[in-house]
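**Q** predicted coordinates and the sequence they were generated for:
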Amino acid sequence: MVAATRTPTRADLRWVRALYVLYIGGMGFLLPFWGLFLRRQGLTGTQIGWINTVLSGTTLLAAAGWGRLSDRRGPRRLIPVALMLAAAATLLLRFQQGFWPLLLASGVYGMMYAGIMPLIYARAYDLTEQMEGIGFGSIRVWGSIGWIGIVLAGGWLIERHGLGISFYGQASAYLLAAVAAGFIRFTPRPDKEEGEQEGEQEEVLTSWKNPRLLLLAAAVAVAWLARVGPLRFEGIYLDELGAGEWLIGVVSMVGAVVEIPAMFWADHLLTRKRGLNILRTAWLIEIGLLALILARPAVPTFIAARAVGGIAFSFYSVALVRVVGRMVPNNVTARWMAIFTVTLPSLMEIIGSVISGAAFDAFGAYWLYAISLACNLAAVLLLLALARQPVRKNAVTA
């Protein structure tokens, strides 16, 4: 029996935006300080790398399962479940000490966390496809707004009460996000009719035989490999450069401030330019910022780089959702969002966490940014190779 469809309303739009505020903002309690927390547990860079590898590995294994379950049963009920499980796993992490307990708890967290991002990205994409004049950037920007407020508040609280409070903050935000998700009631539209599907969409898409899809996946994977070292060790590096917890929060926050106008800018650009061109622009901006950090590694440089980096992140986030959403059938959207937003990033974090942890112990944090620059350059070259691939006749490019 086919369930009755329900088109999205303005109330649904408000609750989706609230979901992004609480989920992405909630990560601001812990993510900027995670590496610093592990370092203050007395762990080496290599041990931190292995903990992040296990976290990413379990996320990788679980993400496809969450995506398949969502495509079969719908994301409406699954999103609150995923958020509540992630909140419980966050509290589990809080009470672990030492390498092995943290390693095991990180694995549990990865399995619970894996379901959130692909489900809420698919939910937002479905809404933008059904509501006239609503772009993904206008939804994702609310996550940036939440990040700004929570990172600043989190850094202030951590300086006064210790790093442990960040776990309680993230868990509380996830639980509130689960409540918001429960009020989102619209249903996805039926799958595209034959001839309506855009890009390189075809029945054999899931076989990974499409060369354009392969190149896109390779570019996204390499770009995420570029992020691993700075993402996991930037808090430690800033601490070494003399920044306190509140200032570390400021560095993480300034990019989100820029994301507010940049998300709308990305939406506007997508009405005139191909999503792949906007992706390439995002990575070119990252290359320039990494070169700046390598030339002058100091706290003010990081603040300036993260501010401009908000533009790059906005271009990447909005363009990727558009490109992937228009290249795959509606009935497997969540599964493919899981591949591009969780599976590929997690696979690269498995590889990158071990490499960056060993590199941090051997050479220090500075050289992690040189590795990142090289990876971003490789991602740009892969997109250029993609652009040279022939597009099938009558196909609409992403």
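**A** Good, I have the coordinates.
**Q** what residues sit buried inside the host helix or strand of Leu55?
**A** Leu55 is part of helix 45-73 when elements are defined by DSSP states H and E. For helix 45-73, a neighbour-count test (16 or more other Cβ atoms under 10 Å) marks 45-60, 62-64, 66-67, 69-71 as buried. Using the backbone N, CA and C atoms, a C-beta is placed for each residue, glycine as well.
**Q** please apply the same query to stretch 351-362.
**A** Per 16+ other Cβ under 10 Å, stretch 351-362 contains these buried residues: Gly352, Ser353, Val354, Ile355, Ser356, Gly357, Ala359, Phe360.
**Q** quick one, grab the pLDDT at the second one.
**A** Translated: Ser353. If you check Ser353, the pLDDT there is 89.
**Q** state the helix or strand in which it lies.
**A** Assessed by DSSP H and E, Ser353 sits inside helix 344-363.
**Q** from Leu102, how far off is the nearest residue to Leu269 once chain neighbours are set aside?
**A** Spatial nearest neighbour of Leu269, excluding adjacent residues (Cβ to Cβ, 6 or more residues apart in numbering): Ile278 at 5.7 Å. Here Ile278 is placed at a distance of 38 Å from Leu102 (Cβ to Cβ, to the nearest Å).
**Q** which helices and strands does the strand or helix carrying Leu276 pack with?
**A** Counting by DSSP H and E, the element that carries Leu276 is helix 275-295. The elements that helix 275-295 packs onto, with contact taken as 3 or more Cβ pairs under 8 Å, 6 or more residues apart in numbering; DSSP states H and E, are helix 211-240, helix 245-270, helix 299-327, helix 366-387.
**Q** quick revisit: thought the residue nearest to Leu269 was touching Phe315?
**A** Yes: Ile278 is in contact with Phe315 according to Cβ atoms under 8 Å; the separation is 4.9 Å.
**Q** any common contacting residues for those two?
**A** Residues within reach of Ile278 and of Phe315 at once, by Cβ atoms under 8 Å, 6 or more residues apart in numbering, are Ala266, Leu269.
**Q** the more surrounded of these two?
**A** A count of neighbours by other Cβ atoms under 10 Å puts Phe315 above the other of Ile278 and Phe315, at 28 against 21.
**Q** can you pull the contacts of the residue lying closest to Thr281 once chain neighbours are set aside?
**A** Once flanking residues are discounted, Thr281 sits nearest to Phe315: 5.8 Å by Cβ to Cβ, 6+ apart. Residues near Phe315 by Cβ under 8 Å, 6+ apart: Ala262, Ala266, Leu269, Ile278, Leu279, Thr281, Ala282, Ile285.
**Q** ok, and the closest non-adjacent residue to the last one?
**A** Closest residue in space to Ile285, ignoring its immediate chain neighbours: Ala312 at 4.0 Å, by Cβ to Cβ, 6+ apart.
**Q** the one you found: how many residues sit nearby?
**A** 24.
**Q** helix, strand or coil for the spatially most central residue of the chain?
**A** Residue closest to the mean C-alpha point of the chain, counted by Cα atoms, centre = their mean, is Thr341 at 6.2 Å. The three-state label given to Thr341 by DSSP: H, G, I helix; E, B strand; the rest coil is helix.
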